[in-house]
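Engineer: sequence plus the predicted model coming up.
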Amino acid sequence: QVQLVESGGGLVQPGGSLRLSCVASGFTFSSYEFSSYGMDWYRQTPGKERELVATISGSGRSASYKASVQDRFTISRDNAKNTVYLQMDSLKPEDTAVYYCRAFTASVNYWGQGTQVTVSS
């Protein structure tokens, strides 16, 4: 069973930065298996649907972003460490949410438990 554990959330002032990490475990083999999964970061606020923030391919060579975070957030991955990152810069109060990572293939997807990000002065 694949498990995803997010970390790095917290309270930050507007204009600040945070880097979220998501470590994956439970693969039968190590780095090769992890590189088979696309990885996403989603976020959710109370009363709203979970929304896709950023996606990265298994190789890490391709990424895409929600328009409102383009040029402020960067998704990356280290397949040797089974880890995906979300670097968040120039944070705004509207970025406040619980952030979740997801590992997916065409047939399965796995979710982490989420990490809270609060942007407030």
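Structural biologist: Sure thing, it's come through.
Engineer: wait, what's in contact with the residue nearest to the spatial centre of the chain?
Structural biologist: Nearest to the geometric centre of the chain sits residue 41, at 3.1 Å (CA atoms, centre = their mean). Residue 41 makes contact with 20, 22, 52-55, 75, 84, 86, 99-102 under the criterion CB atoms under 8 Å, 6 or more residues apart in numbering. (C-beta placed from N, C-alpha, C; glycine too.)
Engineer: what about 7 Å?
Structural biologist: Residues counted as contacts of residue 41 (CB atoms under 7 Å, 6 or more residues apart in numbering) are 53-54, 75, 86, 99, 101.
Engineer: identify the bridge partners of the residue lying closest to residue 97 once chain neighbours are set aside.
Structural biologist: Leaving out its chain neighbours, the residue that sits closest to residue 97 by CB to CB, 6 or more residues apart in numbering is residue 43, at 3.7 Å. With DSSP bridges applied, residue 43 shows beta-bridge pairing to residue 51, residue 99.
Engineer: kindly report the same for residue 73.
Structural biologist: residue 88.
Engineer: what is the burial count for it?
Structural biologist: The number of residues packed near residue 73 is 22, by other CB atoms under 10 Å.
Engineer: kindly report the same for residue 119.
Structural biologist: Using other CB under 10 Å, residue 119 is surrounded by 19 other residues.
Engineer: surely residue 56 meets residue 79?
Structural biologist: No - shown here, residue 56 and residue 79 do not form a contact pair, counting by CB atoms under 7 Å, at 10.6 Å.
Engineer: between the two, which is the more surrounded one?
Structural biologist: Using other CB under 10 Å, the more surrounded residue of residue 56 and residue 79 is residue 56, with 23 against 19.
Engineer: residue 72: what's it in contact with?
Structural biologist: 88-90.
Engineer: now with 10 Å?
Structural biologist: Contact analysis of residue 72 by CB atoms under 10 Å, 6 or more residues apart in numbering lists 17, 65, 87-92, 95.
Engineer: first residue to last residue on stretch 112-121, what's the distance there?
Structural biologist: 28 Å (CA to CA, to the nearest Å).
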